Every structure is written in C-alpha cells, then in structure tokens.
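>>> model this:
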Amino acid sequence: MPANTSPPEPAPASRPATGRRRVRMVPGGPVLVEGPVEVVLEDGTTAVSDRWLVALCACRRSRSYPFCDTSHRRRTRTAAENRD
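The predicted model follows:
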C-alpha cells in the first residue's frame, strides 16, 4: 500500500458490503437517499447533510432546495374554507 493511502473505511451495518447507497424514489414526493450525503448543484456549490436518511427535493418547490421541505404536498381545503 502506498505511504499516503489509508485503508478503506468499513461499510456501516445498514449499508451493503459493496458500499452502495440505497436511493428510493417516492411517487409525487422526494428522492430518499441513505446518508450522509454531499450534493453538488448545477452551479457547482455543494450541500451537505450528515443525517442517516436524506430527502432530496424532486419538484424544486422546496425553500431549502436541494433538501425537501414537503412543499410538494398539496394543501387540501377544509369544509369551512370551501364555504367562504
């Protein structure tokens, strides 16, 4: 092993031994990624999250883009609002 190279880190128990991350597409919702993650945006900036599960915005409505803030959810009107 070269002098400046450290051994690879072991994979966490929740991740397969291959080191792959699980990504789930939620219909009408966010993209769920097992974290931690580093997201590189179109303009070259980087967003980082150390959470164990990260919801990435797929609709671009989020005020905390690229992370989901549930802005994709449609608001339903109550019966009282419908009478007004």
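
>>> for the closest residue in space to Arg21 that isn't next to it in sequence, grab the count of nearby residues.
When the adjacent residues along the chain are set aside, Arg21 lies closest to Glu34, with 4.9 Å between them (CB to CB, 6 or more residues apart in numbering). No exception for glycine: its C-beta is placed from N, CA and C like everyone else's. A count of nearby residues for Glu34, using other CB atoms under 10 Å, gives 17.

>>> in the sheet, who's paired with Glu34?
Going by DSSP bridges, Glu34 is paired in beta bridges with Leu53.

>>> quick check: Val54 touching Val37?
Yes - contact between Val54 and Val37 holds when scored by CB atoms under 8 Å: they sit 5.0 Å apart.

>>> which of those two has more neighbours?
Each of Val54 and Val37 had its neighbours counted (other CB under 10 Å), and the higher figure belongs to Val54 (23 against 18).
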